[in-house]
Structures are given as structure tokens and as C-alpha cells.
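**Student:** let me see the structure of the following:
(2 chains)
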Amino acid sequence: MSEKACVEVESVSHQYGKRWALNDISFQVYPGQLFALLGPNGGGKSTLFRILTTLLSPTKGTARIEGADIIKQSHDVRCSVGVVFQNPSLDDRLTVLENLTHQGHLYGLKGVPLRQRCHEVMDEFDIDDRAKDMVGILSGGLKRRVELAKANLHHPKILILDEPSTGLDPAARLGLFTYLEKLRTADGVTTLVTTHLMDEADRCDIVAFLDDGKLVALDSPLALKQAIGGDVIIVTTQDAPAMHEKIANRFGGQVDLIDNGVRIERDRGHEFVPELIEAFPNEIDSVTVGKPTLDDVFLHLTGHQLARDSHENVENNR
Amino acid sequence: MNELTGHAWLLPSVSLWRREVVRFLRQRGRVVGALGTPVVFWLLIGSGLRNSFRLPNMDQSINYLEYSFPGMLALIVLFTAIFATISIIEDRREGFMQAVLAAPVSRTAIVLGKVFGSTTLAVGQALVFLLLIPLTGIHVTLAGIILAVAALTVMAIGLSAVGVLIAWPMDSIQGFHAIMNLVLMPMWLLSGAFFPASGASSWMGWIMAINPLTYGVATLRHALYMGQELPGSQYPAPMMSWLVSCAFSVTAIAVAQRMISRKA
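**Tutor:** Below you'll find the predicted structure:
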């Protein structure tokens, strides 16, 4: 890409006590991209989010947003970035319009232009009929839309969202990404989103995998999946660890132990399945063959699963 | 594009200030609690100690309702500052404050918004409480009321700023309760609001002499008894009281501002 990057992260490291939450992270985001920071909880996403939104100074390295340094020119960075936090940042006891008006004041907007802009964003995120409602009575999905409207009030070129789907039901999650797409096509907004959910990362142009503070992969979801190649075969069985060892010994290649079974990467998976069943008759409960998912990519790269973690989180957030 | 230049602080601080007031008025429980608590305290303590309380060096007893009235005004201010403190902890926990911190707003605006919001609430409530002054027997003048409002404002700014100072590094309301009971309430008890320094043991007299709130309560007494003789003579002089009160408030705001401006 010949265009100039609008977010440049340069060798960012961050230390909490003795632990390195981020370890020498570098990447660029280009204008108009929908960029995902994907990783398990504790992988470093939130630390990076706090650094990019100027709430935290990195121990080493720096980043530039729209050319402005996040440490030395934090004021400029704050002006050009819209932020959606994982925790709701709305005041429950103010109405939707009052919340937006307050946000506008923080960004130096006022009077008629502010009122117009408030109605524009409420229109854009389909909350104009809720203008006079207290935020406290809105549903989770609606609140998220108010958050999005709030973050976009000052026409930011870059939107940074931290786990925006936390606490949302699947329909609302889907809606959220539709709005992000809309912002991209209508206003050319560049979006950075942290997530631990594969299906969300799958909708982005570029995915950065963060694990244990390190950047383990950076590419489009398609390219990442193609890099694994072939098929993914999942075998479920009574004694997964034993089966894992047997398959690894007999067939070799990429074989991993997962939650309730064994996961194998193979080209031409449909030809491998009969061989597998012949080899271990009566020991296999089920076999499924599929194309690799981002979860497979993550497992391939790090040796542990992303999905189990994310399931637990979805449960917790309900 | 946004046309933000320089350090915007006036608009954001006014907006944050207004939010404090709107939030307060929408929480009926808070309004009732804030107005009712000092009234109940004052009536119960004042009537209970009515004839048991005697000022040192004075022959006849003073009506305790009268003696404790200025102190109750100070208590209203203190309670409001405590509420402001708790609201900072809540704002930080709930994420509202994060959004403010990520906005191009000078940190001074955040302190000013909180402090002046809390001051407005404190003075407003104190004004309502002042309506009870006919029950005390204090013959207050209009000038006295105006001076009392000024005294309350200075006191509220100081105590709210102390509240911000206490709340900022704190992440739980539980931790705050300890500070409240160990620092803020004793500060009020030892301010001359409850009993005069001259009748207390000497070590306590010293604490009362270095307690800034002692001077705040004294400014209130001087204002309410303007042009008349104060019952008892154990209070700091008017000039001294005003000087210490103003110096305390300015210092508290400056320290709070510096603390918030420090990068996390």
C-alpha cells in the first residue's frame, strides 16, 4: 500500500511490575481499514488500547496517530480519535441528547452547530427517537449505539473500540459491525477494534494476533487462514490425550490436543478420514472436517486455543 | 474537521459542573438525604443538649441549637464534599471519567467542574438550611447572609478539592469510608462546630488550632453575628479566619489540580 499509514505503532512495550504486557509491538493501520486486535484476555489488547487512546504511556517505544505522537502530542491525538470503551461511559441519569451535548462540550463544540451535529449522529445510529430518554432505561444494544454516536460526534478520522460487543446479544453484535461498515463507507473512518471473538475479527480487513504481549501474526483473515492450508479435522473420543499421542505417533504433522478431542491439519482431509478411522476402529466417537477458522490459525501459531476463552467470556457477560 | 485549538477548559468545566447539579436534582433520595440529615442532626443534638451545654467563661448557658447552627452549615458542606468524592470514584469505575480523560480537555477543567459542581450543591443546600435561622434566636442581617454565603463558598471549594484529592487515587468506596471516619468527620468534630476549643483538653485545642475547618466555621459565626457580639470569645479573629480559609481552599485546589495532571 502506497498510502500513508494513519496509525503507526513503533516498538511499543509496556511493563506492569515485572511482567511485560506488551513486548515490542509494531504495525501500521491504513486509512479506511477495519483493523482487529485479536487475542485472549490478558494478551495485551487492552494495554495497547489504553496506550493508543493516550490514557497510558508505554514503557518503551511510541505510536503516531494521524502523524501526531501519542506521548508528545497527546492533545492532537485526542482531537483526531473517537473512543468507545468496554465499560459504558454514558451517564445513566442524563438523556441521550444530554450525554451527546456534554460530549460535544468536551470537544469544544457548542450552540447550533453542536445541536445539528447531535441530531446528525443520532440519525446515523438510529437513536433519534430516543433523544429524550434517560440512558439508564435503554437496552444494551441501544446504549452501544449511543456510545458510537458519542464517539463520532467530533468527526474523528480514527475510531478505537475496546471489546465493543461486550454484553451484547448476537443480533446487536451484528448490528454493531453494520454501523462500523457504514462509518467506513460514508465517512472514510478508520476503525481499530479489540476483540477476543473470532467471528468479529473475521469481519475485519486486517487482523493482528496478540498473545502474551507479542504480535504473533498480522494479515487479512483470508490470508491467515490460507497460510494454514488444507483442512482441519476434529476427532472426538473418550480419552483425548491418549488418542492425541497415538495419532501424532502414527501420522505425524500438526496434531493438537484440544478441549474434547484432537485436532489435525491435513491437505485433502476427506482422504485422510477413512485412513484415520481404519487405524483406530471403535475408539473414535466422531470426526468432522472443515476449512480452517481464525481459531485454528491462532492455535497453529500459539499452541493454545482462543475459542474456549471466548466462550467463557460470552457466558460471563450475560 | 474539528477546530479545536489550545487548551479548552472553560466549556468542559461548565459542562461537567452542570452535570453535577442535574444529576443531584434527579436523585430524589439524595436531595432528601442531603437536606434532611443535617436538619435531623441539628434538632436532635441541639434539643438534646439544650440545657446541658455551657460555654466556658460564660455564666448563663447558651441555647445549644444556637451554638451548633453554624457548625451544621459546615456539616452540610462536608456531606456534599463527601458525596462529590464518592461520585468521582463511581465515575472512574463506571467509565464516565475515562471518556473525559480521553477527550482533549485540560485536567484543570475536570477538577474545576467537580469542585464548583459540589460547591454549588453545598451552598444551595446551606441556603435552604438557613431558612431555619429564626428558630435559633440569631438576629442575622442581609449583609450577614451574603457574607455567610461567601464563607460557605470558600469552605465548600476547599472541602470539595480535598474530596477530589482523596478520591482520585482510590478505587473503591469501601476504602473511602475509612478515610471519611478517620479524617473528615474528626475534622468537623474538632472545628469548633460541636464544642469550643477553650473548653477542650489542651492537646485537642492544638489540633483544633491547626484544623483549617476551625477557621471556616469561625468565618460563618462572624458572618451570622455580624454587628453583634459573638457568644463567647474563643474564636479566631475575623481577618485571620478569612485568610486561613481562603489560603486553605486555594492550596487544596492547586494540589488537586497537580495530582490529576500527573500522568497515569
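**Student:** chain B contacts on the stretch 1-150 of chain A?
**Tutor:** A:53-57, A:75, A:78-81, A:83, A:85-91, A:93-94, A:98, A:101-103, A:105-110, A:150 (Cβ under 8 Å from any Cβ of the partner chain). Every residue, glycine included, has its C-beta placed from N, CA and C.
**Student:** hey, what's the one residue sitting closest to the centre of chain A bridged with?
**Tutor:** The residue lying closest to the centre of chain A (Cα atoms, centre = their mean) is A:Thr195, at 2.6 Å. The partner list for A:Thr195 in beta bridges (DSSP bridges) reads A:Leu38.
**Student:** for it, what are its contacts?
**Tutor:** A:Ala36, A:Leu37, A:Leu38, A:Lys45, A:Glu163, A:Pro164, A:Ser165, A:Ala201 (Cβ atoms under 8 Å, 6 or more residues apart in numbering or on different chains).
**Student:** how about a cut-off of 10 Å?
**Tutor:** Contacts were defined as Cβ atoms under 10 Å, 6 or more residues apart in numbering or on different chains; by that measure A:Thr195 touches A:36-39, A:45, A:161-166, A:201-204, A:207, A:310.
**Student:** center of chain B, which residue is that?
**Tutor:** B:Val77 (3.0 Å).
**Student:** gap between A:Val216 and A:Gly44?
**Tutor:** 11 Å (Cβ to Cβ, to the nearest Å).
**Student:** intersection of neighbour lists for these two?
**Tutor:** Shared contacts of A:Val216 and A:Gly44, defined by Cβ under 10 Å, 6+ apart, comprise A:Leu210.
**Student:** pLDDT score for residue 249?
**Tutor:** Reading this off chain A. Looking at A:Asn249, its pLDDT reads 89.
**Student:** my question was about chain B, not that one.
**Tutor:** The model's pLDDT for B:Ser249 equals 96.
**Student:** what sits against the closest residue to it other than its chain neighbours?
**Tutor:** Once flanking residues are discounted, B:Ser249 sits nearest to B:Gly158: 3.6 Å by Cβ to Cβ, 6 or more residues apart in numbering or on different chains. Counting by Cβ under 10 Å, 6+ apart, B:Gly158 makes contact with B:77, B:81, B:115, B:119, B:212-213, B:215-216, B:245-253.
**Student:** surely A:Leu153 and A:Leu106 touch.
**Tutor:** Yes - contact status for A:Leu153 versus A:Leu106: in contact at 9.2 Å, counting by Cβ atoms under 10 Å.
**Student:** now the end-to-end length of stretch A:129-137.
**Tutor:** From its first residue to its last, stretch A:129-137 covers 14 Å (Cα to Cα, to the nearest Å).
**Student:** relative to the whole chain's centre, how far out is the helix ranked longest in chain B?
**Tutor:** Taking DSSP state H as the assignment, the helix of chain B that covers the most residues is helix B:64-94. Here the centre of helix B:64-94 is set off from its chain's centre by 6 Å, with Cα atoms, centre = their mean, to the nearest Å.
**Student:** stretch B:107-120 now?
**Tutor:** 14 Å.
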